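Sequence and predicted structure are below.
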Amino acid sequence: MFIKGTPEQPKCKFTRKLLETLGPFQYRFRTFDILKDERIRQWLKFYSQWPTFPQVFLAGKFVGGVDITIDLVEAGEFDAMVPQNAKKPQPEEEFKELLE
């Protein structure tokens, strides 16, 4: 996710809303603070053809901004898009990994 600020200190209400929406799912994700690098910020707008931030990418593919991502979560579609390795392991999966 390309966001304004960090997950611990979001710098805009849209980033905060996105993080609050995804928080309960405990997905593993990486973020980049686009306020730290104007060149990357401008390049991403061109690359994604999306003018605003945050921007969400899954497996290198652009999903959308905050509204699209939240709509996908609320429709129950986002979880199916998230790669398995970015999801929190279920207790039985964690136990199985320990045995192997």
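Good, I have the coordinates. No experiment lies behind these values; they were computed from the predicted model shown.

which residues in the protein form strands?
For the chain, the strands defined by DSSP state E cover 2-3, 32-33, 56-58, 61-64.

Any chance of TSV for these, columns mean pLDDT and mean neighbour count?
C-beta: built from backbone N, CA, C; applies to glycine. Below are the strands of the chain laid out as TSV (pLDDT from 0 to 100; neighbours: other CB atoms under 10 Å):
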stretch	mean pLDDT	mean neighbour count
strand 2-3	98	22
strand 32-33	98	18
strand 56-58	97	19
strand 61-64	96	14
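
Ok, which of these comes nearest residue 89?
Of all these, the one in closest proximity to residue 89, counting by CB to CB, is strand 56-58 (18.2 Å).

Show me what that closest one is packed up against.
strand 61-64 (3 or more CB pairs under 8 Å, 6 or more residues apart in numbering; DSSP states H and E).

just to revisit the earlier point, can you lay out the strands of the chain as TSV showing distance to residue 10?
Output for the strands of the chain, formatted as TSV (distance: least, CB to CB, whole Å):
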stretch	distance to residue 10
strand 2-3	7
strand 32-33	10
strand 56-58	14
strand 61-64	18
